[in-house]
Every structure is written in C-alpha cells, then in structure tokens.
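> Just to be clear, the model below is a prediction. Sequence and coordinates:
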Amino acid sequence: MNPIAQEMQNIAKELLTSGEVTAVIGWEKGTFWYQSTPVMITSAEEADKLIWDEFCQPNLSKYLLDYRLNEGKVAIFVKGCDARAFNRLLQDNQIERQKAYLIGIPCPGMKDHKQAALVEESAKDSVPLAKVCQSCRYPNPVVYDRLIGSEVTPRATEPDFSDVMALEAMTPDERYAFWQEQHTKCIRCYACRNACPACNCRNCIFSDSKSGWISKDVNTSENQFYAITRATHVAGRCVECGQCEMVCPSNIPIMLMNKKYIKDINDLFGKYDAGIDIDTPTPLGHYKLDDPEEFM
Amino acid sequence: MSSVNENFEPKILVFACNWCTYAGADLAGLSRLQYPPNVRILRVPCSGRVNPQFVLRAFQRGIDGVLVCGCHPGDCHYTSGNYYTRRRYLLMKRMLEFMGTDPERFQTRWISGSEGPKFQEVITEATGIIKAIGPNRKMRDDLTIQAAFAQRDAEEEEGEAK
Amino acid sequence: MIVIDKNKLTDLLDALNQSYQVIVPAKSADLTQFMPYDAVKEKNAEIILNENTVLSPKWLFLPQSEGMYAFWAKNKKLEIVDLPSDLEKMRIVFPVRHCDVQGIACLDKVFLDERHVDGQYLEKREKTVVMALMCNNPKDSCFCASMGVDRAHANNTVADVQVYDLGSEYAFEALSDKGQQAVEAIKALGSEKTVAVPEVKEQKIKVNIEGLPEKLSGMFYDSIWDSFMFKCIGCGTCAFICPTCYCFDINNKIRGEEGVKLRTWDSCMFDEYMLMAGGHNPRPGKKERVRNRFLHKLEYFYENYQMMLCTGCGRCLRKCPMNVDIVKFINQANAK
Amino acid sequence: MKKVGVFVCHCGSNIAHSVDCAKVAETLKDFPNVAFSTDYKYMCSEPGQELIKKAIKEQGLDRVVVCSCSPRMHENTFRNCVAQAGLNPYMFEMANIREQCSWVHPDDMEKATEKAIDLAKMAVSKVCYDEPLEKSYSPVTKRALVVGGGIAGIQTAIDIANNGFVVDIVERTPSIGGKMSQIDKTFPTLDCSACILTPKMVEASSHPNINLITFAEVEKVEGYVGNFDVTIRKKARSVDMSKCTGCGTCWSKCPTKVPSEFELGMSMRKAIYTPFPQAIPNKPVIDREHCLKFTKGICGVCSKVCPAGAIDYTIEDELVTERYGAIVMATGYQLFDASVYGEYGYGRYPDVISGLQFERLINASGPTMGHLLRPSDGKEPKNVVFIKCVGSRDENKGKEYCSRTCCMYTAKQATLVRDKIKDSKVYVFYMDVRTPGKGYEEFYNRTTEKYEANYIRGRVSKITQEGDKLLVHGEDTLLGRPVKVEADMVVLATAMVSNPDAAHLAQLVGFSYDKDGFYTESHPKLAPVETHTAGVFLAGACQGPKDIPDTVAQAGAAAVKVTALLSKDKLETEPSVSVVDQKNCAGCGHCVNICPYRAISLETIQERVNGKTIERKVAHVNSSLCRGCGACTVTCRSSSISLKHFTNKQILAEVDALCLQ
C-alpha cells in the first residue's frame, strides 16, 4: 500500500476512535481500475477501505452539504481543488468551518479516467492527466487542519487558456457550430451541476420548471440556455476542480466556458482565483469605480 | 447588402432603466427625434435589474438584437446598480460572442435622461447594423407546429371538397 | 442465413439506406450514440460496432422530448391537433446488442401493455426494424447473461433480424416479416449459408439474481440503503443512459396562443421528481431515491412483468459519475 | 383567467396622427386575458378616467392597461383612477405609445401601429402577473444623533434642536469645538474664529433639546431609518461630571505635563485637563496614559485637591444604547502628514510648520500669546514662505483632489503676517490660485496688492538649512527660472484628508465612502447631504474638503433633511420592494453584500426537516430600507429574491410577448 493511503487509514482510525469526528469521507476503489469513488466510513474497522491513487478525482467537499445537520464533526480528505471547493462552500455560507476536519493531501494530479476507460489496465502509465490537472496551480490544499505528505510544486504558475483562445480565434459561425454540436449532445442529466461545488443552491432554477426560466424540453437551445446560465452563475466562483467536465456522460467541454469567464474576469477586473481567500468578495459580488468602460 | 435584408424589419429589445435611459427615450420623443420603429422598450427600475438570463431568453424567442441601457456610471439612481451591470455585461457580451452569437446583436450602452439625441443615435445605429446582418437564426427555440395545423387544414379542405 | 463480408459494411448500410432510414451506433463529437446513417456520413463520424454506446437506443422509441399534440388558443378558442408523424420512412437500426434488445422488451411491457397501448410508442416500434447483434466480445462492464439475457438469441419479441458476428463476416437471420424484408434488401451483397451460432466469451461480471426480488421485498427498511446512498449526487445520468428507464414528465411548450404538449424523460434521482404540488416530497432524500431506483429495477418491475428492469448493459457501472454500482448492490443484498 | 381592460388613448392627435388607435384596441381584443379593449380621445381627462372606472365596474375587470403617454407622466393619475374604481392601484400597467412611439415615428403609421400593438401586448402580459401591493409603514423615533462636535455637528444640532427635536452630539474628544476652535481668524472677513464659534458652542451646551456626549464614540449601529439603535461608548473620564464644577484646581496642581494636542505639541497640558480654556463642557478628563495614578499607582493629587470630590479613578467605560430616527455624520477631517515630503524638512526643521500650527502661533490664546515667533529660537520671523498644495493635487505622494481651503487660508495667513510684522516679507509658492467663493477673489487681490505678498508660481524642490535661515529652492514657472528664497519660517498648506478611521466608522454605520475615505453622498448634485443609507446624512468635511461657510451651509441642509424625516409620524415604504422566498433561499448572502441600502440581512429561521426542527440562515429584506432597484434579484442564482412588480415572470412575459411573431 502506498504510504499516503496508509497514513490516511491511520488518521481515520485515530479520529474515529478518539471520537473527534463521527465520520470520515475519503475514496475507496470503485468497480474498475480507473474508478476511485467517494466513501464515508463511520468506524475504525472500515478504515482499510480508504485508498489513494491517481483516480481520486471526485471532489469530496460537496458531500459535506449532506451532513450539515450532523451533530459532530466530519473529517474529509482534501486535495488542492477539494480545499478550494471547501472554501467555496464556506464563502457561500453553506457549511461551518468548525464542523469539518480537513486532512490535506498535496495532489500530484489525477489521471483522466475517461481516457483510462478506453484502454487496458496494463496501459495505465500511458493515460494522461486529466485536463484540469495538467495546468493545476493549486495542487496543495489551501486550507486544512492536518497535512499528509509534503507539498508538491504546482505544475503551472499561470492559468492555461490556450483552448479558450483557440476558440476565440474562430469566426462567430464556427464557434456557434462548435457549441451547437456540443450542446446538442447534452442530455440535461445535471451531473455537472450536482458535482459542482459552486452549484449549491437549495433549489436550482433548472429543477423547477415553474420558475419560468426554462422548460423541460431538451433541445439545443434550451441546453445552451442551461449551459450559459450555469457558467454565468459559477462565474467568479469556479474553483477549477473540473468535476463538471469529468462527470459529463456526453463529454461536453464544460470547463471551456468556465475558463472563458475566468480569463475575462482576470483581464477585466484583475486576477482572481476563487476559493483561495474567502474574505475577498467574488468578482461579480462587488465592483470598482474604475472598471473598464466599454459602454459609453 | 442583399435585397432580402432591405425588406427585413428586425425586432430589437431595449432594456431601459426607469431613471436615465427611459427618461432619455421620453426626451427623444418630446424633442420629436425620429428613429427606426424597430425597437421595443422594456422598462426596468435599474439596469442592475436586468438578468443576463432575460437576454438569453430574448434570443431564444427569436429577437434580432438586444440592448441593455442604463445610467452612466456614477449617476445610478440606486448608487451602484449600473456598476454591477457593467461587470455583468462586460462578461456576458464576451460569453455570448464566445458561444458564437454575432457581436452586433448585443450591446450595453449608457444613456442618461438628458441624452435624447444619444438615444436616437444609438437606436438608429443598432437598427442599421442589425438590418444589414439579417434575421437572427442563432440560439432560437422555435415552436414548430405550423405543419400540424397546415396538415389539419388541408385534410379539412379535402373533406369539404369531398 | 445470409452471410455478408464485413468489408461490405458500407455497401450494406447504403443498400439499406435506399429504402430505410438507417440508424447506427457511432461516435460523434466524442460521444457514442445511435444516430442516423446520413448524419454519420455528413459528419464523417466513426461507426462503433465493438462496444456499447454511451447513450442507449431507447430514444428511438421514447425520445427525450416528444410532442404529444399541439394546441392553439387563437381568438380564445382552444383547438387540439395531433402532430404529424416524424417517421416518413421505415427505420432500421443496426446493430443492437442483446442487452439493448432486452431494454426495448422492457419498454414494450410498459408502453404496449394490453391495458393501455401508447400510440406514439407503437408507431415507432412498428416503423422500426431491429437488427440484433449477438456480441461475442463482451466488455468488462457487461453482465447481461447474469440478468437473464440470452446471449445467443435475442429477445424475439423485439428483434426482427438476428445478426451473428462470424469474425470477418456477419450472418443475418430474419425473425419476423419486417426482418425478412430487410434481409431481402441486402441479400445480393452476400450468400446463403448455414451457420453455427458462434462461441461467446464469458463475461467477467457475474451476479446471482435467483430469488432476488423476493429477498428485496423484505429489505425496504434494511440498513443497506444507508451505506449505499452515500455516493449518489442525484443526477440523472443513470436513468438517461439506461436502456430501460422509462419515466417521463408531461409539460407544455407555449408560444403565446399556441403550444405543444410534451413528454420528456424524467429521473427518479432528481430531487423534484416526487415533489407534490403542496411541497411535500415522499422521497425527500438520496436514500429514498436510490432505494426506489434499485427496487424498481430489481423488485417492483419483476413483480409486475416477471422480468428485471436491468439488462446488464453495464452503462451505469461505467458512467455513473460517482460509481454507484448496481452489481455491488446485488452482491451485498444477496449476502444479507 | 384574468380580466384585463385595455384603454388606448389618442392624446388628441398626438398619438392618433401616426398610430391607428382603433386598430390597436381591436387587435388587443383577441389577445389572451383581454376582456375589454377600447380607444378614446383623452384617456387622462375626466371623461376618459370615467370610461375606465365604468369599464372596471361593468366588465368586472381585475387589471388595467392604458396605452398612452410615458408612465413618468401619468402613471400616478391612472393608478389613482383604478383605485377609485376599487382595484388595487398596482394592478395597472402603461404602454408608452406617445413619447416612444407616435412622436418618434410620425411618418410611418403602419410600423408605428405595429409597434404600439407590441408595446400594448407587453403591458398586458406584464399586468397579468401584477399582484396587489400595499404600502407599509414604519414608526419614526423623534430623536437625532449627530456624530462629531465640530462646527458641522454643532450647527446641525442647533438647527435640528431649534425645530423642536432632541439631538445628541457624540464627540470623541473631551470638548466640542473641533478644528474651528484651533483657527485664529476666518477668511475672507478676518473675524476671530473663537468669537463666532464660542457662542455656538455655548448655545449647543445650553439648548434644552441638545445633549452633549463628549469623550465618547459610536460603537455599534443597528436598525434602519427611523429606528437606529446606536450603542455609544462613553469613555471613562475619571471625573464625576455631576460633581465637577470646572474650577480648575486639579489641573493647576497636576504634576504631569503632556504635549497639548490642541496646541499641536507646541505647548504642554496636564494629565488632568481640558483641551483648551473655552472647552465645553469645561470639565476635565484624566489622560490615563500619562496620569501617574494610572501608570504608576502614585500621586492622586487631583483627588486630594478637588473641592467637589469629583475625581473618581474607578470610573469605567460605559456603553449606552439609544434609539434615533436619523443620524448625521459630521466627523470632520484631519491634516495631511507633511513629513511625507522629505524635501520640505517638516519634522526635521523646527521652523517648517503646518498651516494649523501657524494658526496656533498667531492666536492670542496660543502658545506664544499671539506673537508670531519661530519655534526654533523664539525670534520673530521676517521672511515667511508659504507653500501650497502640500499633499493636495499630487497623485504620487499625496491626494489627487484639491483641498479647496488652502488657497484662501494661505492668503489669510500671508496677510496676518504682513499685518503683525510690518517689516516682513511673505512669499507664496503656488500651482494655481483658486478663489471660488463670495469675496474670495477680492481677498486674494488685497493680499497681493495691499499686503504685497509675493506669489511665485511653481513648486518648491527642496528646503535646506543655512545657519538659522531656511533656504527655499523652487522654480518660478512663469519666468521659467529657478528661485531661491531665504526664509525665517516656512508654512506648509497641508491637504485636508479624511480621518484615519473614517472608513471603519462608515462600515459601522453602513454607508459608502470613496477611495480617499471621504463619505459618499447619495447624489453629487441632487442629494448632496444624504447618503444612500436612508436616515443617514452628511455635514461638513467628512464628505470632502470644504471651508467653514460651506460646512455650515451643508449642516443646515442636513438639519432640514433630518427635521423633515423626524416630523413624520411614520415612514411610508416603497411597495415595489424585494421579497425573499425563504424556503428556497440557501442563505449564501451574496445579495447582502450587493444591496446598496443594507436592506438585506441574514436571519435565522426554524424549519422542520424529517421531523426535526432545525435552524438555518436565510436572507431577509427590510422593506423599510429597500428601494426596489432589483440588483439583488440578479445576483440570486436560485431566483429566491424577487422584486415585486418587476418579477422575473413579469419581465419574461414581456420578452415573450414582444417576440411573438
């Protein structure tokens, strides 16, 4: 067993035995070799379920929403992006800091499980990192109570917007055709929304057809309305964990829209990384008198 | 431009804040400043009330162009509404273009209550441009049931004929 | 049986496309699904024959959004008109694996129930020729055999043509009149031969469903649900990619004075699925929803129709974002 | 089914000349929910209104659309009209087919009519979602709080008090009076500052409606317009105010000397002190930082000598909470720290002083008894150099803005020097001379002509010390050559800046401030003394640099606004306000931050979940504060906040209606 998994199990045992926490949320091995999946354990005996490998991409922080009413503390393991997601939820008043025990794990980057699913386990080494991980700037947890292992050097110092820029370089009609094809694939399963730590409304406007914003008709236009609106709701709040894209059964490049907003926010209002400092207001939650002026 | 577009009369939606742009449009009227009859003004208390989702909806329903108009920065009746408008629509404009809509079809403009001529100018210009690029076919969510009624009518006619 | 060389696949599809609208599994924009052969050609998409598509062929008979009728309130008088059929030609879908054939059989139970036959569904079924492919190359997520699917012979209440994969050739055997006509259309491309049913590779996943419905009927309040619900994030992926999930919702699409009554897929995993008008939700949490889905698949449907509402296609094993695993569930339930 | 009545106005020929009003009315008849539709020559006229009322009654209409002029013109007219017919006045919408249709499209009847029909359809679609709205009311506490006891605060308080309302002045220092009490003479009249201020101070202290709370600070503000609950920290004076007679025995006997803040460190005060002789209240406080009783536990002389037994070392800070209907911020300003300009040597050369220090040096009750003497050697200066814009109009080292008063006080100080020291010479280095006030330009002219002050246009690059002289190096930009002036004293016209804790106080009370820490008025032209927090007003230099006349004028204006507010028994609130669907609200709080009026707060509600009662936070809109801008509705991702009368559904219905083919 790898030493990190060993230490995860030890800490889980320790926390559960001492009663400091009532549950520990981590990852266990899934059905196939390329799947590692969230698990919650409530007793020290179950600690050996916990694993750490290159497919632990599921972001655990959002599971805390299910345990808001929990009496005691819940421990969760956080990679860089889980920690940013945790901050996202804190800044959105959805969880209380003192009710969570965060065990940080510096993350070497997770492999692209969709690519992995296409090959045999023997070819594991050839599987590339997930796209968001390739340009990850915050592999080390930005908030934790305890850290396992030592910090890693971020793979990138600047965000990678090359894919956004490639699309920007197209003509409007080409871009339109690109997104039409993508959004025609959408089956509106809302996995992207449900996996996203920034999507933490009690009732999503897309769940309530009476809200009047959207019908349940699944067509490219409505799918696009959903996609743009979700990206807009997440604008300035996206912690770049890439869960949306990873869970999409239709392989829609959802992060492309989120990254477009991040890029524009950086260009227009100054560099901002969501989920790092919860006391800084979000870009769409405040304004500056000298913001760029294009509307005269 | 092609002859098709010469006969094309676009529909343009203008979200106008009650205190500045709506007053500016009223002033244009009082001053009898003429502009193309293609715009429809939708009055909102403040440009900060204009949810970007309204803009998307208008495009879905087949509008040819949308303008979001409010007070100049610093003049907002509610102090800060238009500063939020500015942030929201700087981003929204870019996102709409990223999705492939024609940049000409969406604009945000500041028009004050004293800028009747500016209102006239903005509307005239926007209408001209949109007229030139033709009807908007993008993002539309049309209801296509005309066929159902056409078929029904045909059958009825056939029945009557018999 | 008519045996046709696999090299002639394009000829075969083109031949069928003369008189049918051909639907094939293909990969377009990084998604595998059943799509019209015309679109495949137009998009230069890759036809996918050796694996299950991400999206099942369910939509051919139960589209995700389907108009039921149109209405018109012009001049304050309401008129209702049927929508014209969008199937101009007969369709042929090739190839459909036995798990998905079984999925259609499940849908038939619901929509062609003798107590109520769904006209729109029936029309689509009648206008579609299903060419079932016996797949001898299962993936590691396949477990149809365990779910009672005959790997050698497709469910003949659904399949119109049985296709065998002979390695370098396909063998076609008509199972119905519709099927016979289709086979006629491609006869010229191959030759008549007697063919033995090929050997099939065993599936890695095996589960035992013997007595499962009965066992589950006593497990409504079991603690298994407490642990099993944890992972679920309440999305609709499982239901929407599933070849058998058939729940739909009815709603309106209105433009001024005219509109369409629509039925659209729904998922019992959505939190608003059971929401009552007064705000009460009988299945308020993940636990109740996960329980309902599994019990529907493995108990309730069986009680009503004597067949499982899971065909072992393995889609949810691969695509559930958080890997809520029905096989693992069955094994755990059996072990209780 | 709604029953909408549509009334299309011809406005004589104003509308009818290019809109086919009958056609509009006829077309709308077939539109969903329209039960009645007609056109008439003058809808706003008496018979026009009667037509509407009659139709409401006879047709049983439950909502009304009038297609006529701008709602900015006649919305209230028609609201009253439908109300008279028994409908709620908010079950009404207007389609503007005059200003925004017939008047701007006079030559194309077909298109103008088409547009009018669209506008009417939009209005009908919106009116169908209108709901009856009621104005609500909140009570008004008839008491005002003035924060700051300078001339701005004093004047505001006196004006409010004279109008019959009780006012509390909270002043941070032991005495009211503020900066004006430190100033010697006022421009342009050169009357003695103390002579005009002291009577005001006395009036404030003796006014039956004014309570002075000195040596106190605002600690917390809750509530809203009409009902602010303000917690005030009364700092421990160590002197029992009820016993003290202000006889002065204590401070004459106190052994500890401390540099006087009032004299800007140019003389000493005692550890028990009043800031200046005319202080009000004229009762001392103990400076606990320096008093030996508190620092070393010895002495206690003041207690021993006090004939009234008023000294009480055990007094502690006291928190009192009082309810006010309105708050006036009159917290004044500070002076820019001129030592930022190292080249001027302020703080290094004793004879380089600030303008306010100059005021004390020339003041008869100041450290030199009004004889202008150099701090370094006590000699009378003959050559005095003034440098203007020290910290003002300098983006790099100081502030971008103009401090407005410096041109005039420098001119005043120049004349004072020339007046007191007949053989003196004064030089003024300046960038511009700005004299926009009554009598200001004339005063400046006298300074240069009669008093022969030498104005040199240019910046001073550095000041060096040569023996007991200061050498001022500058440039005369008009002549385009460097100049050197030998000076005995240099006076820096330092900028007016905001108080260091101005931002903190603004956040505490809840209104906004600009990048320089000055308080932001609600509207720069039309609401200069209001903040956008209802019930909070501004007076004086806390809003921006200003001189005494402007400050007093603004104080009077603020007082009028307060009086107008307090004279109401209850406040009518805007019915088109935001409302939270608390069941749906996740309590993320994004709306709280975005609301310009602090109308939204998070409150804890109880909810039943799975048989258990739980508490959670949700947004709540205080309808007394909300002004209906709707910014919150857009920031709310789940659409849990809705703006009444402009709901999402209403706007969507309008969009949909207009897009119909």
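In hand now; what should we look at? Numbering: from 1, shown residues only, chains lettered A, B, ... in the order given.
> so which strand or helix has the closest residue to C:Met35 other than its chain neighbours?
Leaving aside its sequence neighbours, C:Met35 sits nearest to C:Ala26 (C-beta to C-beta, 6 or more residues apart in numbering or on different chains; 5.3 Å). (Each C-beta comes from the backbone N, C-alpha and C, glycine too.) Under the criterion of DSSP states H and E, C:Ala26 resides in strand C:20-28.
> ok now the very next helix or strand once past that strand, how far from the chain's centre?
Per DSSP H and E, the first helix or strand lying C-terminal to strand C:20-28 is strand C:31-36. Between the mean C-alpha location of strand C:31-36 and the chain-wide mean there is a distance of 13 Å, by C-alpha atoms, centre = their mean, to the nearest Å.
> strand partners of strand C:31-36, parallel vs antiparallel please.
The strands beside strand C:31-36 in its sheet (DSSP bridges) come out as strand C:20-28 (antiparallel).
> can you pull the buried residues of the strand it pairs with?
For strand C:20-28, a neighbour-count test (16 or more other C-beta atoms under 10 Å in any protein chain shown) marks C:20-28 as buried.
> Can you tell me how far D:Ser242 is from D:Lys283?
Distance, D:Ser242 to D:Lys283, using C-beta to C-beta, to the nearest Å: 10 Å.
> neighbour-wise, which of these two wins?
Higher neighbour count among D:Ser242 and D:Lys283: D:Lys283, with 24 against 8, using other C-beta atoms under 10 Å in any protein chain shown.
> rewinding a little: turn the buried residues of strand C:20-28 into JSON lines, columns for pLDDT.
Listed next are these as JSON lines, based on pLDDT from 0 to 100:
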{"residue": "C:Tyr20", "pLDDT": "96"}
{"residue": "C:Gln21", "pLDDT": "97"}
{"residue": "C:Val22", "pLDDT": "97"}
{"residue": "C:Ile23", "pLDDT": "97"}
{"residue": "C:Val24", "pLDDT": "97"}
{"residue": "C:Pro25", "pLDDT": "97"}
{"residue": "C:Ala26", "pLDDT": "97"}
{"residue": "C:Lys27", "pLDDT": "96"}
{"residue": "C:Ser28", "pLDDT": "94"}
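> Spatially, which two of these are the most separated?
C:Tyr20 and C:Lys27 (21.7 Å; C-beta to C-beta).
> quick one: secondary structure of D:Gln650?
Secondary structure state of D:Gln650, per DSSP: H, G, I helix; E, B strand; the rest coil, is helix.
> for it, what are its contacts?
If you count contacts by C-beta atoms under 8 Å, 6 or more residues apart in numbering or on different chains, D:Gln650 has them with D:125-126, D:129-130.
> How confident was the prediction at the residue of the stretch 151-300 of chain D found nearest chain B?
At 15.4 Å from chain B, D:Val225 is the closest residue in the stretch 151-300 of chain D, using C-beta to the nearest C-beta. pLDDT, D:Val225: 89.
> How many residues are close by it?
21.
> Next up, the contacts around it.
D:138, D:325-326, D:533-536, D:565, D:571, D:624-625 are the contacts of D:Val225 under C-beta under 8 Å, 6+ apart.
> Contact residues of the stretch 201-336 of chain C facing chain B?
C:253-255, C:258-260 (C-beta under 8 Å from any C-beta of the partner chain).
> Specify which member of these is nearest to D:Lys2.
The closest of those to D:Lys2 turns out to be C:Ile254 (C-beta to C-beta; 15.7 Å).
> Report whether the helix or strand encompassing the closest one contacts chain A.
Using DSSP H and E, C:Ile254 falls within strand C:248-255. Yes: applying C-beta under 8 Å from any C-beta, one finds strand C:248-255 in contact with chain A at C:249, C:251-253.
> In CSV, list the C-alpha atoms belonging to that strand.
C-alpha atoms of strand C:248-255 as CSV (Å, rounded to 0.1, in the frame of the first residue of the first chain):
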residue,chain,number,x,y,z
PHE,C,248,-41.4,10.7,-18.2
ASP,C,249,-42.9,14.0,-17.3
ILE,C,250,-45.6,15.9,-19.2
ASN,C,251,-45.4,19.6,-19.7
ASN,C,252,-46.2,22.4,-22.1
LYS,C,253,-44.1,24.4,-24.5
ILE,C,254,-46.1,27.5,-25.2
ARG,C,255,-45.6,30.5,-27.5
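> buried stuff in that strand?
C:248, C:251, C:253, C:255.
> Which elements pack onto the helix or strand that it is followed by?
Sequence-wise, the next helix or strand downstream of strand C:248-255 (DSSP H and E) is strand C:258-265. On a contact count with 3 or more C-beta pairs under 8 Å, 6 or more residues apart in numbering or on different chains; DSSP states H and E, strand C:258-265 meets strand C:65-72, strand C:248-255.
> Let me know the pLDDT of the closest residue to B:Gly113 other than its chain neighbours.
Of all residues not flanking B:Gly113 in the chain, B:Ala23 sits nearest, at 3.4 Å (C-beta to C-beta, 6+ apart). For B:Ala23, the pLDDT comes out at 92.
> do A:Lys216 as well
For A:Lys216, the model assigns a pLDDT of 89.
> Enumerate the residues of the stretch 51-200 of chain C near chain A.
Checking the stretch 51-200 of chain C against chain A by C-beta under 8 Å from any C-beta, the hits are C:54-55, C:64-65, C:140-141.
> Widest-spaced pair of those?
Distances among those were taken as C-beta to C-beta; the most separated pair is C:Ser65 and C:Asp140, at 33.3 Å.
> Which one's more surrounded, these two?
C:Ser65 (20 against 17).
> quick revisit: helix or strand next in line after the strand or helix carrying the residue nearest to B:Gly113, which one?
B:Ala23 belongs to helix B:21-30 when assigned by DSSP H and E. Per DSSP H and E, helix B:21-30 leads on to strand B:39-44 as the next helix or strand towards the C-terminus.
> just checking, which of the contacts of D:Gln650 belong to helices?
Among the contacts of D:Gln650, the members found in helices (DSSP state H) are D:125-126.
> and the contacts of D:Gln650, which are buried?
The buried subset of the contacts of D:Gln650 - by 16+ other C-beta under 10 Å - is D:125-126, D:129-130.
> Dump these into TSV; add distance to chain B and pLDDT as well.
Shown next, in TSV, are those (distance: C-beta to the nearest C-beta, whole Å; pLDDT from 0 to 100):
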residue	distance to chain B	pLDDT
D:Ser125	11	96
D:Lys126	9	97
D:Tyr129	14	96
D:Asp130	14	97
